[in-house]
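Student: With the input below, show me the fold.
(one chain, ligands or ions: 2)
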Amino acid sequence: IVVLGIETSCDDTAAAVVRGNGEILSQVISSQADLLERYGGVAPKMAEEAHSQVIDQVVQQALDEANLTENHLSAVAVTIGPGLSLCLRVGVRKARQIAGSFKLPIVGIHHMEAHALVARLVERELQFPFLALLISGGHNLLVLARDLGHYVQLGTTIDDAIGEAYDKTARWLGLSMRRGGGSALEELAREGNAQSIKFSVPMKQHKDCNFSYAGLKTQVRLAIESKKIDTETPFFSTSSQDRSLRADIAASFQRVAVLHLEERCERAIDWALNIEPSIKYLVVSGGVASNQYVRTRLGEVVKKNGLQLVCPPPKLCTDNGVMVAWTGIEHFCKGRFDPPPPVDEPEDFVFDLRPRWPLGEEHTEGRSGAR
Ligand code: ATP
Ligand code: FE
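Tutor: Numbering: from 1, shown residues only. Ligands and ions are numbered 1, 2, ... in the order given. Purely as a prediction, here's the structure:
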């Protein structure tokens, strides 16, 4: 089996070719970093245009680097949600064109399921059921993965995701968003004193597995104001005293942001083991999982609880085409795919897009294990 995966749910245009045995034949990514830096966020219409401009080239390059043509493919997998519908549409249109012309089955992929399942490409021993923490720009999820396509949501964010908090904090500290605010902030935090500012850990009083990052964002904002940091001055042009202040804020923010993850994971492990005592792994994936501090701290939590951590390499944690291709392979092997679309699909054809698409059902009972 060889599957082409296409991902355009947010600001990266990505494609990859992966073999059924997990061999990655190619991975190509075109990011809209320049746009992000200039406009400070993803504007759907602009992102759509950017995707449209590069999609053909990204897919072609993925095929070229894999050294094969569309004829060699077994199926095309494409993210159909959740995400920005204008953006999703670009990838889905491309996938359907290829699938139509070459009579290939098509597999519609859930972006967050792909973030989770790529861990099974990385770690072959990883069987269902397992626990997963998915942390990215738009999501903060704790899920019990019972089987392919079968997820129980143990916790989600009640406001912002951790990646959003990283991005905002990075912006306020005047860091470059070019390589992503998150990784710039991680770097700066290494120079700071994480104990210097006492931010409070969110949702201490809620004995559940949900997350909240809006309050922490506000705490950071207030700290920046009280320290009189000029948020309009870019980091590289500030005084060294001001820099070390900014580093302290970065480190203090990161410590508490991640502490919140640690506490929630502890509880989720409890809950999950109550439901599925055979669980051995915690998967941590999504863009924020590429953070080394996050990986180390969650590694400790997992060890303490007798589980193993599976955290994909950073390139497979942030958005990529490999995770889509791999999840396509998993579904394809179980016979879950759509037949090839007609070659002459009408211009106004309404695609099956799922901009809002929950991953599995919500966990409501069996909370006796709650601490
Ligand atoms: P979602 O998966 O929720 O749709 P997304 O697809 O836009 O969001 P991902 O690529 O999965 O995003 O994750 C991007 C997020 O990860 C951004 O918020 C970014 O700041 C964050 N991120 C990336 N690298 C790091 C890092 N080293 N430390 C912290 N955060 C990081
Ligand atoms: Fe993502």
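Student: So Asp159 sits against Asn210, correct?
Tutor: No: if you go by C-beta atoms under 8 Å, Asp159 and Asn210 don't touch, sitting 9.8 Å apart. Using the backbone N, CA and C atoms, a C-beta is placed for each residue, glycine as well.
Student: If you count neighbours, what's buried in the lengthiest helix in the chain?
Tutor: Identified as the longest helix of the chain according to DSSP state H is helix 240-275. For helix 240-275, a neighbour-count test (16 or more other C-beta atoms under 10 Å) marks 242-243, 245-258, 260-261, 263-265, 267-269, 271-273, 275 as buried.
Student: Excluding sequence neighbours, find me the nearest residue to the residue most central in space within the chain.
Tutor: Compute the mean C-alpha point of the chain, and by C-alpha atoms, centre = their mean the closest residue is Gly286, 2.8 Å away. Of all residues not flanking Gly286 in the chain, Ser136 sits nearest, at 3.5 Å (C-beta to C-beta, 6 or more residues apart in numbering).
Student: Around that neighbour, how many other residues sit close by?
Tutor: 24 (other C-beta atoms under 10 Å).
Student: who's in contact with it?
Tutor: Contacts of Ser136 were listed using C-beta atoms under 8 Å, 6 or more residues apart in numbering, and they are 115, 161, 163, 286-288.
Student: Okay, and which of the residues you listed map to helices?
Tutor: Counted as lying in helices by DSSP H, out of those, are 115, 163.
Student: are any of the contacts of Ser136 buried, and which?
Tutor: 115, 161, 163, 286-288.
Student: Return the residues of this protein in contact with ligand 1.
Tutor: For the chain, the residues in contact with ligand 1 (C-beta under 6 Å from any ligand atom) are 9-10, 83, 111, 136-139, 163, 166-167, 180-183, 186, 286-288, 290-291, 318-319.
Student: redo that, cut-off 5 Å
Tutor: By C-beta under 5 Å from any ligand atom, the residues of the chain that approach ligand 1 are 10, 136-139, 163, 166-167, 180-183, 186, 286-288, 290-291, 318-319.
Student: Skipping adjacent residues, who's closest to Glu164 in space?
Tutor: Gly137 (5.9 Å).
Student: Name the residues that touch stretch 111-125?
Tutor: 7, 9, 18, 22, 24, 79, 81-83, 126, 132, 134, 136, 139, 141, 143, 145, 148-149, 151, 281, 283, 285-286, 310-313, 316-317, 320, 322-324, 326-327, 330, 359.
Student: Figure out how far it is from the centre of its chain.
Tutor: 11 Å (C-alpha atoms, centre = their mean, to the nearest Å).
Student: what does stretch 87-95 give?
Tutor: For stretch 87-95, the distance to the chain centre is 19 Å (C-alpha atoms, centre = their mean).
Student: Any residue of it touching ligand 2?
Tutor: No: residues of stretch 87-95 contacting ligand 2 under C-beta under 5 Å from the ion: none, with a closest distance of 11.9 Å.
Student: ok, residues contacting that stretch?
Tutor: Residues outside stretch 87-95 that contact it (C-beta under 8 Å, 6+ apart): 4, 6-11, 13, 44, 47-48, 51-52, 55-56, 59, 76-81, 106, 108, 351-353, 355.
Student: Go again with 7 Å.
Tutor: Residues outside stretch 87-95 that contact it (C-beta atoms under 7 Å, 6 or more residues apart in numbering) are 6-10, 44, 47-48, 51-52, 55, 59, 76, 78-81, 106, 351, 353, 355.
Student: would you put the C-alpha positions of that stretch in PDB?
Tutor: Extracted in PDB, the C-alpha atoms of stretch 87-95 (Å, rounded to 0.1, in the frame of the first residue of the first chain):
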ATOM      1  CA  CYS A  87      -8.600  26.100   3.700                       C
ATOM      2  CA  LEU A  88      -9.800  22.500   4.000                       C
ATOM      3  CA  ARG A  89     -11.600  23.000   0.600                       C
ATOM      4  CA  VAL A  90      -8.300  23.600  -1.200                       C
ATOM      5  CA  GLY A  91      -6.800  20.300   0.000                       C
ATOM      6  CA  VAL A  92     -10.100  18.300  -0.600                       C
ATOM      7  CA  ARG A  93     -10.500  19.700  -4.100                       C
ATOM      8  CA  LYS A  94      -6.900  18.700  -5.000                       C
ATOM      9  CA  ALA A  95      -7.400  15.200  -3.400                       C
END
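Student: Now do that stretch, average pLDDT.
Tutor: Averaged over stretch 87-95, pLDDT sits at 97.
Student: Okay, strands next: where are they in this structure?
Tutor: 2-7, 12-19, 24-31, 75-81, 106-110, 130-135, 140-147, 150-155, 281-285, 308-310, 361-362 (DSSP state E).
Student: can I get the ones you listed in CSV with mean neighbour count?
Tutor: Shown next, in CSV, are the strands of the chain (neighbours: other C-beta atoms under 10 Å):
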stretch, mean neighbour count
strand 2-7, 28
strand 12-19, 27
strand 24-31, 20
strand 75-81, 28
strand 106-110, 24
strand 130-135, 27
strand 140-147, 23
strand 150-155, 20
strand 281-285, 26
strand 308-310, 19
strand 361-362, 10
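Student: mean pLDDT lowest for which of the ones you listed?
Tutor: Mean pLDDT per stretch puts strand 361-362 lowest among the strands of the chain, at a mean of 78.
Student: List the pairing partners of that one within its sheet, with orientation.
Tutor: Applying DSSP bridges, strand 361-362 is found paired with strand 150-155 (parallel).
Student: Format the CA atom coordinates belonging to the strand it pairs with as PDB.
Tutor: Provided in PDB are the C-alpha atoms of strand 150-155 (Å, rounded to 0.1, in the frame of the first residue of the first chain):
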ATOM      1  CA  HIS A 150     -13.300   5.300  18.600                       C
ATOM      2  CA  TYR A 151     -12.300   8.000  21.000                       C
ATOM      3  CA  VAL A 152     -13.500   9.000  24.400                       C
ATOM      4  CA  GLN A 153     -12.900  12.600  25.300                       C
ATOM      5  CA  LEU A 154     -11.700  12.900  28.900                       C
ATOM      6  CA  GLY A 155     -11.000  16.600  28.700                       C
END
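Student: With that, I have no additional questions.
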